[in-house]
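Trainee: here's a sequence, model it:
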Amino acid sequence: MSVFGTVIKEIRKERKMTQKFLCQNICSQSVLSRIENNDEIPNVLVMQQLCDRLGVSLDSVMRNERVGVKHMNELFDTMAYYYRKRELRPLFDLLQTKDFQQYLHLETDMQRYYYYLGYCKFYLLNDGSDALRDLEQALEFTYHNSKKLVSNIEIQLLSLIAMVEFSFGNIAVAEKCFRKSLEYFYSLPIERTHVEFTTVFYNYGVLLYETGQFTEAEFQICQGISWARQNESIYYLEDLFLLKSNIYEKTKRLEEAKQYRKLAGEIVQIREIY
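Mentor: Residues are numbered from 1 along each chain as shown. Below you'll find the predicted structure:
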């Protein structure tokens, strides 16, 4: 039973939630702290409410083993490293290993697994159809339209599904997914946001640019650049600068286009150093 607190703590940290946010209207923060430290065993109602807020089932948390949690964290840390470095071949190879798949117990773990798998299939293998199946499956683990509290991965899933739908020419479906993704992004508590959300703005900017909506595209790109700077991150910043440069070229603002292309080159140099 003591495993419950350990698993809950790991999931909360992965979701960038504070204890105060997780326990609100469920239990006191001091009680949650004792639960996470395995000093107190909560009743079933509190367990269920905490799991609901985290977006996981009580059964999956109770089945998870402490060793499995530690190992999964190590695997997901490696996966996140490859993802942020955009090293898709080693990421895809890692996802194919049996060692990885045997530790997937939680719905949130399965969701992240299929998100990264779909990402690789779309951008590495250029297989949109198979990617979409994986992404939709990932979303089904925890997401529903009336859900009030969504995870970081769910927001990214909606954005990536939109990109795949756009590649199929389903512009209306793609725009709907993008708007939903951004709606959830702006509703997030500040403590749950992270640098990978830059892709949400970039993806939407691509659709708007490709469909000739340059003013709105520029707005979304500026939001993405602002987000990256706010988080002191260069993740996808080069792509945002290049896309903004393309918009300026299309709208005959050639000096500004040149400036942002130069900034993109500087980001490349920084990335090579680090």
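Trainee: ranges for the strands of the stretch 51-200 of the chain?
Mentor: Counting by DSSP state E, counting those that start in this stretch, the stretch 51-200 of the chain has no strands to list.
Trainee: in this structure, where is pLDDT below threshold?
Mentor: Across the chain, residues meeting the criterion (pLDDT under 70) sit at 1-2, 60, 63-72, 99-103, 105, 143-149, 190-193, 272-274.
Trainee: just checking, Leu157 touches Asp134?
Mentor: No: taking contacts as C-beta atoms under 8 Å, Leu157 lies outside contact range of Asp134: 10.0 Å. (Each C-beta comes from the backbone N, C-alpha and C, glycine too.)
Trainee: who's more crowded, the two?
Mentor: A direct count of neighbours by other C-beta atoms under 10 Å for Leu157 and Asp134 places Leu157 higher, at 28 against 23.
Trainee: ok, the more buried one to Leu117 distance?
Mentor: Distance of Leu157 to Leu117, computed by C-beta to C-beta, to the nearest Å: 12 Å.
Trainee: what does Asp127 give?
Mentor: Computed as C-beta to C-beta, the Asp127 to Leu117 distance reads 11 Å.
Trainee: which one of the two has more residues nearby?
Mentor: Leu117 (21 against 16).
Trainee: from the middle of its chain, how far away would stretch 76-90 be?
Mentor: 13 Å (C-alpha atoms, centre = their mean, to the nearest Å).
Trainee: likewise stretch 228-238?
Mentor: Relative to its chain's centre, stretch 228-238 lies at 15 Å (C-alpha atoms, centre = their mean).
Trainee: likewise stretch 13-32?
Mentor: The answer for stretch 13-32 is 21 Å, by C-alpha atoms, centre = their mean.
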